[in-house]
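>>> Could you look at this predicted model? Sequence included:
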Amino acid sequence: MASNQPSEASAQASAATRPKVDRENDPRNPRTRLETFLDDGSVELITKYDASGMLAAKGTVRGTPVVVFASDATIQGGAMGLDGCKVVVAAYEQALADGVPIIGLWHSGGARLAEGVVSLHAVGEVFAIMTRASGKIPQISVVIGAAAGGAAYGPALTDIVVLGPDGRIFVTGPDVVRSVTGENVDALRLGGPEPHGRRSGVVHVVTETTEEAYGRGRQLATLLASQGELKVDAVQDRDLAATFPESAKRAYDVHPLVENVLDDLDDAIELHPRWAPNIVTTLGRFGGRTVGIIANNPMRLGGCLDSPSAEKAARFVRMCDAFGVPLIVLVDVPGYLPGVGQEWDGVVRRGAKLLHAFAEATVPRVTLVTRKTYGGAYIAMNSRSLGATKVFAWPSAEVAVMGHVAAVRILHRRRLAEVDEAERTHVENELAEEHARLAGGIPRAVEIGVIDQVVEPDSTRTALAQAIADAPQRRGDHGNIPL
Amino acid sequence: MPVTQPQEIASDLVANVAQIHVTVGQQVEAGEEVALLESMKMEIPVVAELPGTVTDVRVHPGDVVQEGDVLVVLA
């Protein structure tokens, strides 16, 4: 693609100022990178170590069999031509045949310019096989250098993207951006960890070091491919309410709850921690088995659902469903975020993705309402109506169309307008109490079947475990389009 | 963000300012609560991401703030 022109040019420029290192000792050597990534002694090359620009191997990570391919950044900045793309396609065919995860170690300026449309066609074939593999085998991208143009969309088509400190992802590099739009920006600000970790949602995991990026890639491959079995007996109860503030109105950070629900954080990995932080999506172990946790985070935007958080959660739900990872949904949600910006940004269209994702999912998916669940967001957070495996609620939880005070302000607007201002709060509260009694709260929610069971916080873990264990262990038959 | 640059602490949603906990000249630690907002039927604490000294307080309790409005500036 034309986009690789500036990055090749800058690669050459920096190469001129760098002392020459022979290919074997170059840290960018793909064989070295494959050996670093895979378990010691497990590397078995499946393509030739040549000048194609890509190299692929079978091997294991923590004992789990995987296929890995790596860009060869020692040649033309890792640019992808016909031969390099054939390596990636061969790696995918191997991984699909073995039914194992595939990991790409990316460091590439995109399609090889010199090969013209041939390279574009070849890169397109890589995209096609990635899409065919989508939802069948876990695909993980570890971006350790520049990944521009075609090399940006490669990772983007995979399930999870990990970005190391030197990773840069963009369709067109700083030079082209400058010449076309006049915007002065460097590669870091254009496509580094900050923009992709916080703003764009392109990257799921940002790491401080390249070694850590490899480590996260290995961890994700193991979580998705070696999911383990849920041992209900191994699940101990803990007081999950211990980390909650006393006041029900008070916002709090949901991370300690997520940590408490999971066995521990050793094997847990939060995806998109800084993008759409009002919802938390974390892979981890529960009773020894891989699960996906989705939790509203009241500390950010009050825990409201909005366009980015709905998309983030929807993609996570679909990924977990495709790979048979059960879901635990921790609900404390005041509603969808109101606002002109939200409506114009398509919160209706983008929020619908979460409804679709949950309604479609066939993995065990268990919901726990901790404090409240209101309105449209109540439905979206894996409600009974969307086919939840089981819906639990803590005794003090509220299930409603909206908060009681807000409800009476609408239902009794006229009557309240007639009351003296000094008396209004008092009357509002009285009406709200009456409304709460009539609406019925949790007992009514249980009666009509939208809450299956009320559980105490200190017996919730075992209840969640039993519900997951009792459900049919299915997985969705669909791809994982990057929503 | 280097600590030497001013740190603008902004609201991430439309809200009523319930409390401001800091005054100009005060030192705050990373993670310290600088203000309390009310929105979406909830009290939402606003915390400093980095330590610093308060150089400006731009809002008062009772104000309505929009998304992105700066509440407190640290240096």
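That came through, no problem.
>>> use CA for all of it now, contacts and neighbours both
Fine.
>>> In chain A, which helix is the longest?
What stands out as the longest helix in chain A, according to DSSP state H, is helix A:421-439.
>>> which other residues reach it?
With Cα atoms under 8 Å, 6 or more residues apart in numbering or on different chains as the test, helix A:421-439 has contacts from A:400, A:404-405, A:407-409, A:416.
>>> redo that, cut-off 10 Å
A:398-401, A:403-409, A:411-412, A:415-420, A:440-441, A:444-445 (Cα atoms under 10 Å, 6 or more residues apart in numbering or on different chains).
>>> and what of stretch A:455-462?
Judged by Cα under 10 Å, 6+ apart, the contacts made with stretch A:455-462 from elsewhere in the structure are A:232-242, A:260-263, A:286-287, A:368-370, A:392-396, A:454, A:463-464, A:466-468.
>>> For A:Val391, which non-adjacent residue is spatially closest?
Counting by Cα to Cα, 6 or more residues apart in numbering or on different chains, A:Val391 lies nearest to A:Thr367, which is 4.7 Å off, once chain neighbours are set aside.
>>> Tell me if the one you found really is in a strand.
Yes. The assignment for A:Thr367 is a strand, going by DSSP: H, G, I helix; E, B strand; the rest coil.
>>> From A:Gly284, how far out is it?
When distance is defined by Cα to Cα, to the nearest Å, A:Thr367 is 17 Å away from A:Gly284.
>>> which other helices and strands contact the helix or strand hosting A:Cys85?
A:Cys85 belongs to helix A:82-98 when elements are defined using DSSP states H and E. For helix A:82-98, the packing partners by 3 or more Cα pairs under 10 Å, 6 or more residues apart in numbering or on different chains; DSSP states H and E come out as strand A:54-61, strand A:64-71, strand A:102-108, helix A:117-133.
>>> what about the ones you listed, which gets the closest to chain B?
Using Cα to the nearest Cα as the criterion, the shortest distance between chain B and these is 26.4 Å, found for strand A:102-108.
>>> export the closest one as PDB, just CAs?
This file holds the C-alpha atoms of strand A:102-108, laid out as PDB (Å, rounded to 0.1, in the frame of the first residue of the first chain):
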ATOM      1  CA  ILE A 102      -2.300 -18.300  16.200                       C
ATOM      2  CA  ILE A 103      -0.100 -15.400  17.300                       C
ATOM      3  CA  GLY A 104       1.300 -12.700  15.000                       C
ATOM      4  CA  LEU A 105       4.400 -10.800  16.100                       C
ATOM      5  CA  TRP A 106       4.100  -7.600  14.000                       C
ATOM      6  CA  HIS A 107       6.700  -5.200  12.900                       C
ATOM      7  CA  SER A 108       6.000  -4.200   9.400                       C
END
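>>> Okay, buried residues for that strand please.
Buried residues in strand A:102-108, defined by neighbour count with 16 or more other Cα atoms under 10 Å in any protein chain shown: A:102-108.
>>> isn't the residue nearest to A:Val391 right up against A:Trp394?
No. A:Thr367 lies out of contact with A:Trp394 (Cα atoms under 10 Å); the separation is 11.1 Å.
>>> Name the residue in those two with the higher neighbour count.
Between A:Thr367 and A:Trp394, A:Thr367 has the larger neighbour count (other Cα atoms under 10 Å in any protein chain shown), namely 27 against 20.
>>> which strand residues sit across from that one in the sheet?
When bridges are assigned using DSSP bridges, the partners listed for A:Thr367 are A:Val329, A:Val391.
>>> swap in the one 5 residues further on?
Per DSSP bridges, residues listed as beta-bridge partners of A:Lys372: A:Glu398.
>>> Can you report how many residues neighbour it?
A total of 21 residues lie near A:Lys372 under the criterion other Cα under 10 Å.
>>> A:Leu188 belongs to a helix?
Yes. When the secondary structure is assigned by three-state DSSP, A:Leu188 falls within a helix.
>>> Which residues of the stretch 301-450 of chain A lie near chain B?
Contacts of the stretch 301-450 of chain A with chain B, taken as Cα under 10 Å from any Cα of the partner chain, map to A:301-304, A:333-339, A:402-403, A:405-406.
>>> which of the residues you listed lies closest to A:Gly41?
Closest approach to A:Gly41 among these (Cα to Cα): A:Gly303, at 46.8 Å.
>>> For that closest one, the count of nearby residues, please.
Applying other Cα under 10 Å, we find 30 residues neighbouring A:Gly303.
>>> How about A:His426?
A:His426 is flanked by 11 other residues according to other Cα under 10 Å.
>>> do the one 10 residues further on as well
Residues lying near A:Ala436 (other Cα under 10 Å) number 18.
>>> and A:Lys48, what element?
Secondary structure assigned from DSSP H and E places A:Lys48 in neither a helix nor a strand.
>>> Beta-bridge partners for the nearest residue in space to it that is not next to it in sequence, please?
Nearest-residue entry for A:Lys48: A:Leu55, 7.0 Å, with adjacent residues in sequence omitted and distances by Cα to Cα, 6+ apart. Beta bridges link A:Leu55 to A:Ala70, judged by DSSP bridges.
>>> give the contact list for A:Leu55.
The contact partners of A:Leu55, by Cα under 10 Å, 6+ apart, come to A:29-31, A:33-34, A:45-49, A:68-72, A:84-85, A:87-88, A:91, A:105.
>>> Just the buried ones from these?
Buried residues within the contacts of A:Leu55, defined by neighbour count using 16+ other Cα under 10 Å: A:29-31, A:33-34, A:45-47, A:68-72, A:84-85, A:87-88, A:91, A:105.
>>> ok, which residues in chain B are in contact with chain A?
Residues of chain B found near chain A (Cα under 10 Å from any Cα) are B:11-15, B:36-47, B:67.
>>> Which ones among these lie within strands?
Where the residues of chain B next to chain A overlap with strands, as defined by DSSP state E, the overlap consists of B:15, B:36-39, B:42-47.
>>> out of the residues you listed, which are buried?
Of the members of those, the ones counted as buried by neighbours, 16+ other Cα under 10 Å, are B:15, B:36-39, B:42-47.
>>> so which one among these has the lowest pLDDT?
For those, the least confidently modelled position is B:Met42, at 85, judged by pLDDT.
>>> What is the neighbour count of the nearest residue to that residue once chain neighbours are set aside?
Spatial nearest neighbour of B:Met42, excluding adjacent residues (Cα to Cα, 6+ apart): A:Lys249 at 4.8 Å. The local packing count at A:Lys249 equals 15, with neighbours defined by other Cα under 10 Å.
>>> can you check A:Glu208 too?
Here the number of neighbours of A:Glu208 (other Cα under 10 Å) works out to 12.
>>> List the contacts of B:Glu33.
With contact set as Cα under 10 Å, 6+ apart, B:Glu33 has these partners: B:20-22, B:45-49.
>>> Which pair of those spans the longest distance?
B:Ile20 and B:Glu49 (16.3 Å).
>>> Compare these two (neighbour count), which wins?
Regarding B:Ile20 and B:Glu49, a neighbour count based on other Cα under 10 Å identifies B:Ile20 as having more, with 18 against 15.
>>> what pairs with the more buried one across the strands?
Judged by DSSP bridges, the bridge partners of B:Ile20 are B:Ala35.
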